[in-house]
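Chemist: compute the structure for the input listed below.
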Amino acid sequence: MGLYQRQKKYFEKAYETGRHGWPTVGPTPFVLRALSRIRKAAAPARGRILDLGCGEGRHTLACAREGFHVVGLDYQPLAIRRARTFARRRKGRGGFRFMVGDAFRLPFPPNAFDAIIDYGCLHHVKIADTRRYFKSVWPRLKPGGHLILSCFSTRFKHHPGEKRRRNWLVHRGHYDRFFRKRDFKTLFGKQFDILKMEERGDGLYVFWDVLMRKK
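Modeler: A predicted model of the protein is given here:
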């Protein structure tokens, strides 16, 4: 079984138990601030957003409440089932839908979205597959569209005292990649203007939140 197959099994188990450690309700404040900015850029039309790797749909539902048309996509069917259940429980309203799909093979035409949210997908993509990810995701974003990204910081630790000699590791059957501030300029600088960047978290779990605009 290849790494991505093992990784998919890991997330399947995580969604089965619900004891995975990441938030399931309420958007990250950085995302809400970014949505306010994007809403102004998309006016007067309602913008279209792709929530890539949406999990239980917390950002999908937040976008819908803010007036956007949103697609929440995840490659785990159980995640999508949980997202739909959560939406019913919270009486989610607005223009949103959930679907199963693969970030490497997105079923959307070019320039389909005014914004893409990736809160937890890219940092599980192997370095060798970065270009493959970009070739799938970037064309779906309109010129001038926004990318809202969250990735593990190099300060992120799975446990106290964890030491790494490289910016990635395989942990409990899944791949984690860790980012420095300068990595975003290196990876995205030719295609995107970086508008805002914040390092979030204290203790073990530290992330980079980044807002970019496609040139």
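Chemist: now the residue nearest to residue 192 when sequence neighbours are not counted: which helix or strand?
Modeler: Using CB to CB, 6 or more residues apart in numbering and skipping the chain neighbours, the partner closest in space to residue 192 is residue 212 (3.9 Å). Using the backbone N, CA and C atoms, a C-beta is placed for each residue, glycine as well. According to DSSP states H and E, residue 212 maps onto strand 207-214.
Chemist: burial check on residue 17, number of neighbours?
Modeler: 7 (other CB atoms under 10 Å).
Chemist: next one: the one 3 residues further on
Modeler: Here the count is done by other CB under 10 Å, and residue 20 has 15 residues near it.
Chemist: which elements pack onto the strand ranked longest in the chain?
Modeler: In the chain, taking DSSP state E as the definition, the longest strand is strand 141-152. If you count contacts as 3 or more CB pairs under 8 Å, 6 or more residues apart in numbering; DSSP states H and E, strand 141-152 packs onto helix 29-42, strand 113-119, strand 174-177, strand 192-200, strand 207-214.
Chemist: can you list contacts of the strand holding residue 212?
Modeler: The set of residues external to strand 207-214 that reach it, using CB atoms under 8 Å, 6 or more residues apart in numbering, is 28, 30-31, 34, 37, 138, 141-153, 156, 179, 181, 184, 188, 191-201.
Chemist: try it again with 7 Å
Modeler: 28, 30, 34, 141, 143-153, 156, 179, 184, 188, 191-201 (CB atoms under 7 Å, 6 or more residues apart in numbering).
Chemist: buried members of those residues into ChimeraX, please.
Modeler: Per 16 or more other CB atoms under 10 Å, the buried members of the contacts of strand 207-214 correspond to this ChimeraX selection:
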select :28,30,34,141,145,146,147,148,149,150,151,152,153,156,179,184,188,192,194
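Chemist: what does the pLDDT read for residue 163?
Modeler: pLDDT recorded at residue 163 is 90.
Chemist: for it, helix, strand, or coil?
Modeler: When classified by DSSP: H, G, I helix; E, B strand; the rest coil, residue 163 comes out as coil.
Chemist: return the distance of it relative to residue 50.
Modeler: 36 Å (CB to CB, to the nearest Å).
Chemist: those two: which is more packed in?
Modeler: The residue with more neighbours, out of residue 163 and residue 50, is residue 50; 26 against 5, by other CB under 10 Å.
Chemist: right, and residue 84 touches residue 100 too?
Modeler: No. Checked against CB atoms under 7 Å, the pair residue 84 and residue 100 is beyond contact range at 11.2 Å.
Chemist: neighbour count: the two, which is higher?
Modeler: residue 84 (16 against 13).
Chemist: who's the nearest residue to the more buried one once chain neighbours are set aside bridged to?
Modeler: Leaving aside its sequence neighbours, residue 84 sits nearest to residue 98 (CB to CB, 6+ apart; 5.6 Å). Per DSSP bridges, residues listed as beta-bridge partners of residue 98: residue 72.
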